[in-house]
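K.L.:
Sequence and predicted model, in that order:
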Amino acid sequence: MSETFILKIYRGNPGKQYWEEFILKRIPYLNIISALMEIQKSPINSKGERVTPVVWEQGCLEEVCGSCSMLINGKPRQACTALVDKILDQTKTNTITLAPFSKFPLVRDLIVDRSLMFENLKKAHAWIDADGAFDRGPGPKISQEKQEVMYSLSTCMTCGCCVEACPQTGPKSKFVGPQIISQVRLFNDHPTGSLRKGERLRTMMEEGGISGCGNAQNCKPACPKGIPLTDSIAAIGRDTGIQAIKDLFSLPDRD
Amino acid sequence: MKTKKKVIVVGGGLAGLSAAMKLAENGCHVQIVSVTKVKRSHSVCAQGGINAAMNLMGEDDSPLIHAYDTIKGGDFLANQAPVLEMCLCAPAIIYMMDRFGCPFNRTPEGNLDFRRFGGTLYNRTAFCGASTGQQLLYSLDEQVRRHEVKGMVEKFENHEFLRLVQDDQGVTRGVVIMDLFNLKLEVLKADAVVIATGGCGLIFKKSTNSTFCTGAANGRLYRQGMKYANGEFIQIHPTAIPGTDKMRLMSESIRGEGGRIWVYGNSSNSVRMPDGRTIPCGTTGKPWYFLEEMYPAFGNLVPRDIGARELLRICEMGMGVDGQMQVYLDVSHLSDEKKKKLASVLDIYEKFTGEDPSKIPMRIFPAVHYTMGGGWVDWPAADDPNRWTRYRQMTNLPGCFNIGESDYQYHGANRLGANSLLSCIFSGLVAGQEVPRYLESLTSSFEETSSRTFEQSIQSELESRNGLLAAQGSENVHQLHDELAEWMVSNVTVKRNNEDLKRTLNKIQEIRERFKHISLDDHSQFANQTLAFALQFTPMLDLAQIITTGALYRNEFRGAHFKPEFPERDDQNWLKTTIATYDPKTGNPVISYEPVEMPYLKPILRDYSHAHKVKPVLENIPTNIILPI
């Protein structure tokens, strides 16, 4: 095993991106974040030039916050759980490439602006219409099976890996991507949330909604939380179909 | 007052969002300032659960027992009135979060499920798998987004708080913030500011905290005159995965579900038990479940400070796994159902070590976890005659409130597991009720504050920034941070002694001096993270100094503060709150003390070796308590 490895990073500002390489020490259990931290402490590239340290987003470093999304060897994932040894062993090379997500506007280096996903949460009415922040007794009873599904859908950390992996999304496409479709399923599944089911489904029936899915199924394997995104898309696909018929006959929104 | 009520909330974790939600509901226009998307705040890292004595498990539990456990767990350093009200409010908070759609685990009947956590004998911890903080945060994020769509909440994400703007009378009139992308400084004007910026674990770098948790906001406010209380109380969590970038938490819920801590026994060694007896260290070559042997009543679920100290003691005897500073945390014997409840934490372990914890015991070690100290805040109790002329959760700076992990209330000298999420939501709701009352009491508004006041505030921040950008020295701020963290972890965590604390204070001064000779490797005017971190570093050094000075002075053993030179709790001299105030002349903290308010429970011995379920008697409980929800 070589004692060093190369981190090859696609960096720069919008319109001025370039590749830069850094040679780093291989340490057991080193992750991509620790490697980037080493660059911060001594930002010298493989040519021996002192350069500006690489910038990236980070937060919890344990894969629950969704901050450190980036393309690692071309794959969208969280940099905190990307272990250097594991990747090098798998690829049998000495180089790991990092690049910012391509489906979101570039900010700088590895940072992109993922605000669009949060805007979609607003459009899709992704909340429960609770009466208010006061004591009104318990919520509805929920079976263990249902809680399990809801919990799984609710672990979505808006990291954007599924949106990045999807061939249908991008600057020229209006497709909202898997993340928000799965969130619609989450709130429609909840007994209180379902009271506004029709409203959410109709946003999914608009241009760029569910019909934009090309069924490539790249999203599910890209999700760091293992959320059953393709099931969500199927469920919402079916529900929007039913909603369309209801709307055709002007039937009221009722569960 | 004619103007619409405007409030700034700094920090968008559980506490900040809880406050923002309640404030919006109370008709305030809220501006949230957050260094990240609020949904990515550090609250997501809380794994195990949230406490509420709802007594739904047939155990005859009650909020009073919860208060008793919390006060005792905090080694009597917490003021008792806020603790009691938090525990009384807890069941309503759980029901509220349940109505918001938070996916709590369920019983077969479809009701809320509860698990047992450290420092208690009751099953009173509601949970969502092993990512409860994430789920609670998302539920509040959703409710706040709803208010955002209605126009009641405005978010300034990727913005950092730099300074509180105070008028000539010292009254809060707004904040100076920096856009972390284009680096522009901006003033937001309001008559109340709520600080909810979390803990300061990053001072120790290798902590379980997110990288956002620098404590910089509190450090900056301290320089502006805010009192900082109980700084020396830093919780060390017994079980984390050691790493080079951070220590990853392995939730207490693992032990709550039956996980056991052990090392291989060595009968030729002996250990002194908490009850004074000396026993051999298990049987040579066989697993020795030392916590279960030492603390038969609580076993692996002793409070965190005790767990961390015992782990360290065993490792220092050379009994750690492979002779290293690590012990086993074992879930391999648990049922599949229990493992499923823990899936998200066990998954983290596997992802970072490559080992499957359902087959091989995990190797863990204690790590810096929670900041019990924080901004000093007021708490007029329900039966205080001036209850309605004072404001709960308000710092000594008029109009500046402080909530969540960044305040000092609720946890005393040691926080009990699953009480942090509760204190965050509760203190946020309290601020949501108290801030509007404060605003109504004002006779003037920020609109009458001279524009010069705001301009000067921006100017002063611009000068600090330009100074850093112009610096041409040879030091690197990240290397200085590593050095600071190494000293802090070695000398100001589980075990402290005065000689090392003095050396650490000198080291902090040395680093402060060297910080004057840094240069930034990045001079760009866009998304310059080196600049942002360098700006945080001075307040981090200030807090490091407060923590270390408080620890040096406090010559006793209380909760998380353990000094072998002074092995007993000393109520005579030290049952008091430490207050650090910034002295602009010397640049050092001035330390003073104030008494702890103990109206309900007199201090008792904090014994976890022979505990039984007790029905504690709390005296003098006010009859006119009004909970925030």
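P.N.:
Thanks, I have the structure now.

K.L.:
For the closest residue to B:P436 other than its chain neighbours, which residues are in contact?
P.N.:
Spatial nearest neighbour of B:P436, excluding adjacent residues (C-beta to C-beta, 6 or more residues apart in numbering or on different chains): B:N26 at 4.9 Å. The way it works is simple: take the backbone N, C-alpha and C, and place the C-beta from them, glycine included. Counting by C-beta atoms under 8 Å, 6 or more residues apart in numbering or on different chains, B:N26 makes contact with B:432-433, B:436.

K.L.:
Check A:C162 too.
P.N.:
Counting by C-beta under 8 Å, 6+ apart, A:C162 has contacts A:177-179, A:218-220, A:222-223, A:229.

K.L.:
in what helix or strand does it lie?
P.N.:
Using DSSP states H and E, A:C162 maps to helix A:161-165.

K.L.:
what packs against the following helix or strand past that helix?
P.N.:
Per DSSP H and E, the first helix or strand lying C-terminal to helix A:161-165 is helix A:178-189. Applying 3 or more C-beta pairs under 8 Å, 6 or more residues apart in numbering or on different chains; DSSP states H and E, we find helix A:178-189 packed against helix A:115-123, helix A:144-154, helix A:161-165, helix A:197-205, helix A:229-248.

K.L.:
Pipe the ones you listed into TSV and attach mean pLDDT per row.
P.N.:
Output for these, formatted as TSV (pLDDT from 0 to 100):
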stretch	mean pLDDT
helix A:115-123	97
helix A:144-154	97
helix A:161-165	98
helix A:197-205	97
helix A:229-248	96
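
K.L.:
Starting from B:Q433, give me the distance back to the residue nearest to B:P436.
P.N.:
Distance, B:N26 to B:Q433, by C-beta to C-beta, to the nearest Å: 7 Å.

K.L.:
Determine how far stretch B:255-262 lies from the middle of the whole chain.
P.N.:
Distance of stretch B:255-262 from the chain centroid (C-alpha atoms, centre = their mean, to the nearest Å) equals 24 Å.

K.L.:
That stretch and chain A in contact?
P.N.:
No. Judged by C-beta under 8 Å from any C-beta of the partner chain, stretch B:255-262 makes no contact with chain A; its nearest approach is 15.9 Å.

K.L.:
For that stretch, C-alpha coordinates in CSV please.
P.N.:
Extracted as CSV, the C-alpha positions of stretch B:255-262 are listed here (Å, rounded to 0.1, in the frame of the first residue of the first chain):
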residue,chain,number,x,y,z
ARG,B,255,-27.2,0.9,26.5
GLY,B,256,-30.8,1.9,27.1
GLU,B,257,-31.8,-1.0,24.8
GLY,B,258,-29.4,-3.4,26.7
GLY,B,259,-26.0,-2.7,25.2
ARG,B,260,-23.2,-3.7,27.7
ILE,B,261,-19.8,-2.2,28.3
TRP,B,262,-16.9,-4.5,29.1
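
K.L.:
what's B:V149 in contact with, if anything?
P.N.:
Residues in contact with B:V149 (C-beta under 8 Å, 6+ apart) are A:K122.

K.L.:
10 Å - rerun?
P.N.:
Shown in contact with B:V149 (C-beta atoms under 10 Å, 6 or more residues apart in numbering or on different chains): A:121-123, A:125, A:127.

K.L.:
How many residues are close by B:P567?
P.N.:
Number of residues near B:P567 (other C-beta atoms under 10 Å in any protein chain shown) recorded here: 9.

K.L.:
Look up how far B:P385 lies from the nearest residue to it once chain neighbours are set aside.
P.N.:
Closest residue to B:P567 apart from its sequence neighbours, by C-beta to C-beta, 6+ apart: B:F557 at 5.4 Å. To B:P385, B:F557 is 37 Å away according to C-beta to C-beta.

K.L.:
Can you pick out the residue with more neighbours from the two?
P.N.:
Taking other C-beta under 10 Å, B:F557 and B:P385 do not tie; B:F557 has more neighbours (22 against 7).

K.L.:
Got the phi and psi for that one?
P.N.:
phi -120, psi 110 (degrees, to the nearest 10).

K.L.:
same deal with A:E21?
P.N.:
Backbone torsions of A:E21, given as degrees, to the nearest 10, read phi -110, psi 140.

K.L.:
Tell me how many other residues surround it.
P.N.:
13.

K.L.:
On the strand side of things, show who it bridges to.
P.N.:
A:K8 (DSSP bridges).

K.L.:
from what I can see it touches A:S46, true?
P.N.:
Yes. Contact criterion C-beta atoms under 10 Å: A:E21 and A:S46 qualify, at 4.1 Å.

K.L.:
and for these two, which residues touch both?
P.N.:
Common neighbours of A:E21 and A:S46 (C-beta under 10 Å, 6+ apart) are A:6-8.

K.L.:
Closest one of these to B:Y95?
P.N.:
The nearest member of those to B:Y95, counting by C-beta to C-beta, is A:L7 at 49.3 Å.

K.L.:
Report how far apart the opening and closing residues of stretch A:87-95 are.
P.N.:
Using C-alpha to C-alpha, to the nearest Å, the end-to-end distance of stretch A:87-95 comes to 9 Å.

K.L.:
Stretch B:191-203 near chain A anywhere?
P.N.:
No. Stretch B:191-203 stays clear of chain A (C-beta under 10 Å from any C-beta of the partner chain), getting no nearer than 11.2 Å.

K.L.:
Show me how far that stretch is from its chain's centre.
P.N.:
Worked out by C-alpha atoms, centre = their mean, stretch B:191-203 lies 10 Å from the chain centre.

K.L.:
Closest to the centroid, which residue in chain A?
P.N.:
A:G160 (2.1 Å; C-alpha atoms, centre = their mean).

K.L.:
For stretch B:330-346, buried residues please.
P.N.:
Buried positions in stretch B:330-346, judged by neighbour count with 16 or more other C-beta atoms under 10 Å in any protein chain shown: B:330-331, B:334, B:338-339, B:341-342, B:344-346.

K.L.:
go on, stretch B:493-506?
P.N.:
Applying 16+ other C-beta under 10 Å to stretch B:493-506 flags B:493-496, B:500-501, B:504-505 as buried.

K.L.:
Inside helices: which ones of these?
P.N.:
B:500-501, B:504-505 (DSSP state H).

K.L.:
For stretch B:291-311, buried residues please.
P.N.:
Residues of stretch B:291-311 classed as buried by neighbour count (16+ other C-beta under 10 Å): B:291-292, B:294-295, B:298-311.

K.L.:
Quick check, pLDDT for B:L121.
P.N.:
B:L121 carries a pLDDT value of 89.

K.L.:
thought it was touching B:H66?
P.N.:
No. The pair B:L121 / B:H66 is not scored as a contact, 11.6 Å apart, by C-beta under 10 Å.

K.L.:
The two: who's more crowded?
P.N.:
The neighbour count for B:L121 versus B:H66, taken as other C-beta under 10 Å, is higher for B:H66 (28 against 17).

K.L.:
Can you give me the neighbour number for the residue in the stretch 151-255 of chain A that chain B sits nearest to?
P.N.:
Closest approach between the stretch 151-255 of chain A and chain B, counting by C-beta to the nearest C-beta: A:Y151, at 4.3 Å. Around A:Y151 there are 20 other residues, counting by other C-beta under 10 Å.

K.L.:
re earlier: among the buried residues of stretch B:291-311, name the ones in helices.
P.N.:
Using DSSP H, these in helices are B:291-292, B:294, B:304-311.

K.L.:
before we move on, back to that, ok, so of the contacts of A:C162, who is nearest A:W56?
P.N.:
A:A222 (18.9 Å).
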